[in-house]
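Undergrad: Give me a 3D structure for the following:
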Amino acid sequence: MLAVSEFQKIGIGLMGFGLFFLLFGMLLYFDSVLLGFGNILFLAGLMFIIGLRRTAHFFFQRHKFRGSLFFLGGVSLVLCRWPITGILVEGYGFVLLFRSFFPMAVGFVLSAVNIPFLNAFFPSSSSMV
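TA: Residues are numbered from 1 along each chain as shown. The predicted structure is shown next:
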């Protein structure tokens with residue numbers, strides 16, 4: 001079993017609250033205060049989970065520089081009270097930062113078809129009969 005430190009537990013809580021405030025800010029017609037608070041909590045939670053040095057290393061790698069620029073620029077636009085433009089820029093930066101992760105996530109979701117409970121929702125075309 002993987003041991004989770006106290007800082008990582010705090011980070012998980014901060015990221016959860018950050019995602020809640022981001023979702024709640026979008027539901028309330030892009031409220032810039034809630035979106036900004038969600039962004040700050042999300043980034044703080046990320047720093048608590050993986051550490052300050054690894055977070056800086058992740059964002060400032062040479063091949064991820066453009067994605068980091070768009071993501072952090074979107075965060076700053078949200079904090080400057082341009083929420084719709086900021087979220088769009090931030091979303092584009094998120095896609096650029098995590099595009100190498102998307103094939104693995106799609107593979108995981110497609111492997112969920114083999115789980116018996118989810119198999120009822122996703123009928124497979126090939127049968128063993």
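
Undergrad: Which helix or strand in this protein has the lowest average pLDDT?
TA: Counting by mean pLDDT, DSSP states H and E, the chain has its least confident helix or strand at helix 116-119, which shows a mean of 66.

Undergrad: My guess is Met15 contacts Met47. True?
TA: No. Between Met15 and Met47 there is no contact under Cβ atoms under 8 Å: 10.1 Å. Where C-beta positions appear, they are placed from N, C-alpha and C, glycine not excepted.

Undergrad: Quick check: closest non-adjacent residue to the most centrally placed residue in the chain.
TA: Residue closest to the average C-alpha location in the chain (Cα atoms, centre = their mean): Phe94, at 7.5 Å. Spatial nearest neighbour of Phe94, excluding adjacent residues (Cβ to Cβ, 6 or more residues apart in numbering): Phe71 at 5.9 Å.

Undergrad: Check that neighbour and give its pLDDT.
TA: On pLDDT, Phe71 comes in at 96.

Undergrad: I'd like the next helix or strand past the top helix by length along the chain.
TA: Identified as the longest helix of the chain according to DSSP state H is helix 6-27. Of the helices and strands lying after helix 6-27 in sequence (DSSP states H and E), the nearest is helix 32-50.
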